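Colleague: One predicted model, sequence on top.
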Amino acid sequence: MTGESDAFEIGEHMRYVRKAVRKTGDYSFFASRELYLVYFDSRDVHLRIIDQGDGEEPAHPGLAEAMQANFCVVGCNGGFFHPDFAPAGLMIVDRGQRINHFQKAKLLSGVLLQDSQGTMRLLRASEFPRYDQPGVSALIQSGPFLVDQGKAVSSLSTGQSRRRTFMASDGGHHWIMGATSSLSLAELGELLADPDIVTEFHLLRALNLDGGTSTGLYFDRGAGRNDFLISPVKRVRNFIGLKPR
C-alpha cells in the first residue's frame, strides 16, 4: 500500500513526489517507509558532477550552496569516497576533466554518465568501455545496482537499514533522482521494482549512491519559497546536479 503524501512541480519539466510506503496489513510504528522522488526528463537537463575536492575545506559549504553556485535546480550526494576524501572510482567533472581512474569492484558495479551526444545513461561496469569516449562530460561510479531489466537485483543485502540515495531510469528519457528513509538495499530494490509504487513509468534500472550520513537531496522551489533540502550530515567528496538546458 502506498500513499502520495506530498507533490510539487519544479519549474515546467520536473516534479517532486513524497511517497509513504507501508506493507499491506502492517500498521506498526516503524512500518512506514518514505521515498523522496524527483521525476525529470533527461532531455531537459545537463548532468553535472560537482567536485568538492580533498583539501582542508570543501569547494562549497554544503549541497544547497553547491547546486546554487553551479545553476543546478536539483541535486543529491554522489558516490563513495575514502577517509581522505579521495573518490572511489572514476569521476568526470567540468566537461571532461577526469579524476581518479575506472575501477572494477563489487561496490562500484554501476556507472552514471552523460555521453558525447548528451544522453544520460545508467550502465553496468562491464558495459562502460564502449561508452568511454572523449565526449563524456559527466560520470560517476557507484553501486550496487538495485534494479536491472525491471526486476530487483536478487543478491542485494537484507541487512543494515540506512538512508539511501539513488538514480533510476526507464532506459530512455524518464528518470528519478531519489532519497529514502532507512531501508536495506534489498527493500529499496523491491520498492523501486514494484509497479504499484513507481506508477509513473516502467522503471528499468536503478543505481545506489552513497547513503547513510552522506544522504542528501535538494531542489529549488522557485522565487519566494524555501528550497527543499535533506542535507548530508557529513562532508562528501562529490554531488550530482541537474542543470536546465
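Modeller: On my side now, so go ahead.

Colleague: for the chain, what's the longest helix?
Modeller: Determined from DSSP state H, the single longest helix within the chain is helix 185-193.

Colleague: Quick one: mean pLDDT for that helix?
Modeller: In this model, helix 185-193 has a mean pLDDT of 96.

Colleague: which outside residues touch that helix?
Modeller: With contact meaning C-beta atoms under 8 Å, 6 or more residues apart in numbering, helix 185-193 is reached by 21, 33, 35, 144, 146-147, 150-153, 156-158, 161, 164, 166, 168, 180, 183, 197-198, 203, 206, 208. The way it works is simple: take the backbone N, C-alpha and C, and place the C-beta from them, glycine included.

Colleague: one more time with 7 Å, if that's ok
Modeller: By C-beta atoms under 7 Å, 6 or more residues apart in numbering, the surrounding residues in contact with helix 185-193 are 21, 33, 35, 144, 146-147, 150-153, 156-158, 164, 166, 168, 180, 197-198, 203, 206, 208.

Colleague: Check stretch 204-216 too.
Modeller: Contacts to stretch 204-216, defined as C-beta under 7 Å, 6+ apart, come from residues 63, 76-80, 110, 112, 122, 142-150, 162-171, 179, 185, 192, 230-234, 236.

Colleague: low-confidence ranges in the chain?
Modeller: Within the chain, the segments meeting pLDDT under 70 span 1-4, 23-31.

Colleague: residue boundaries of the helices in it?
Modeller: In the chain, the helices defined using DSSP H lie at 63-69, 185-193.

Colleague: CA atoms of the last one as PDB?
Modeller: Output for helix 185-193, consisting of C-alpha atoms alone and laid out as PDB, is shown next (Å, rounded to 0.1, in the frame of the first residue of the first chain):
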ATOM      1  CA  LEU A 185      19.300  -2.400  -0.100                       C
ATOM      2  CA  ALA A 186      17.000  -5.300  -0.800                       C
ATOM      3  CA  GLU A 187      14.000  -3.400   0.500                       C
ATOM      4  CA  LEU A 188      14.800  -0.400  -1.800                       C
ATOM      5  CA  GLY A 189      15.300  -2.700  -4.800                       C
ATOM      6  CA  GLU A 190      11.900  -4.300  -4.200                       C
ATOM      7  CA  LEU A 191      10.100  -1.000  -3.700                       C
ATOM      8  CA  LEU A 192      11.600   0.600  -6.900                       C
ATOM      9  CA  ALA A 193      10.700  -2.500  -9.000                       C
END
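
Colleague: how about that helix: buried residues?
Modeller: 185, 186, 187, 188, 189, 190, 191, 192, 193 (16 or more other C-beta atoms under 10 Å).

Colleague: Let me know how buried the nearest residue to residue 144 once chain neighbours are set aside is, in neighbour terms.
Modeller: Closest residue in space to residue 144, ignoring its immediate chain neighbours: residue 109 at 5.1 Å, by C-beta to C-beta, 6 or more residues apart in numbering. Residue 109 has 20 neighbouring residues, counting by other C-beta atoms under 10 Å.

Colleague: what sits against residue 109?
Modeller: Contact analysis of residue 109 by C-beta under 7 Å, 6+ apart lists 124, 125, 143, 144, 145.

Colleague: Filter those down to the buried ones.
Modeller: 125, 143, 144, 145.
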